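Participant: Okay, sequence plus prediction incoming.
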Amino acid sequence: MRRAGLVACCFALHAAAAQDSLRFSGPDAETSRQVSQIIESAVAAGLPASQIVAKANLAVLVRAPGPRIVETARAVAGRLEVARRSIMPHELPNDIVNAEEALSYNVPTDILRQISKASPKAPIAVPLSVLTQLVVTRVPVDRAGQIVLAMLHRGATPAQLQALGNGVDADVRLLGAAALDAANLRYKNLNPFLAPMPASAANADNLGLSSSPTGPKKP
């Protein structure tokens, strides 16, 4: 009986902590009310609402006006729903959050679907994060998608994906390399360490996507 009481207490504390993490306090009462309603709706829909709180708090930090903060929260909630649909059957919160982040930088939903399809059983938070990192570094979004997809098809590990993303970022920031050149070279250098491209994914290196430059969009 005592053990059951302790377990119940632990669950209550966990629920309270989770609820506290989703509380939002804006610059005024109306902003707080509207954003809180958006958060509550996201929770009811089974979406990772902590992403809404994080980006709304960032908007507060940069002193955005109330209507802009509400707009930010509503946009994140909408992208979370699109993200969840785009990467099904993946349902892990981190997968959905990273898909939302990619959408905030104008990554097309088709690329998210292909990444989900290329890794149907393993979590996809890392490849989605690396995809966004490449786009933020100003690798054209379609080429970034091609590289991440090709690496998934060729059995790249999360560590290899992260190393490529971090390497491209360092090449651009520290060495002044062109983002596309850095990404292509880093991917080429991984060839000896990756499996051959499966016949079923023979076009993963050239997915019929254009390589038009796309600049990052502020989340």
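Facilitator: Happy to help now that I have it. Because the structure is a prediction, the values reported are computed rather than measured. Residues are numbered from 1 along each chain as shown.

Participant: burial of the residue lying closest to residue 28 once chain neighbours are set aside, as a residue count?
Facilitator: Computed as C-beta to C-beta, 6 or more residues apart in numbering, the closest residue to residue 28 that is not its neighbour in sequence is residue 66, at 5.6 Å. Using the backbone N, CA and C atoms, a C-beta is placed for each residue, glycine as well. Burial measure for residue 66: 18 neighbouring residues, criterion other C-beta atoms under 10 Å.

Participant: contacting residues for residue 66?
Facilitator: Residues counted as contacts of residue 66 (C-beta atoms under 8 Å, 6 or more residues apart in numbering) are 26-28, 30-31.

Participant: Looking at these, which two lie furthest apart in space?
Facilitator: 27 and 30 (9.7 Å; C-beta to C-beta).

Participant: Can you tell me which residue is spatially central in this structure?
Facilitator: residue 98 (1.6 Å; C-alpha atoms, centre = their mean).

Participant: Name all residues that make contact with that residue.
Facilitator: Shown in contact with residue 98 (C-beta under 8 Å, 6+ apart): 124-125, 128-129, 132.

Participant: Okay, it and residue 193: tell me how far apart.
Facilitator: Relative to residue 193, residue 98 is positioned 24 Å away (C-beta to C-beta, to the nearest Å).

Participant: Out of the contacts of residue 66, name the ones that lie in helices.
Facilitator: Cross-referencing the contacts of residue 66 against helices under DSSP state H gives 30-31.

Participant: Return the members of the contacts of residue 66 classed as buried.
Facilitator: Neighbour-count burial (16 or more other C-beta atoms under 10 Å) applied to the contacts of residue 66 gives 26, 31.

Participant: now the contacts of residue 66 as JSON lines including pLDDT and distance to residue 153?
Facilitator: Shown next, in JSON lines, are the contacts of residue 66 (pLDDT from 0 to 100; distance: C-beta to C-beta, whole Å):
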{"residue": "26", "pLDDT": "91", "distance to residue 153": "45"}
{"residue": "27", "pLDDT": "92", "distance to residue 153": "47"}
{"residue": "28", "pLDDT": "95", "distance to residue 153": "50"}
{"residue": "30", "pLDDT": "97", "distance to residue 153": "49"}
{"residue": "31", "pLDDT": "97", "distance to residue 153": "45"}
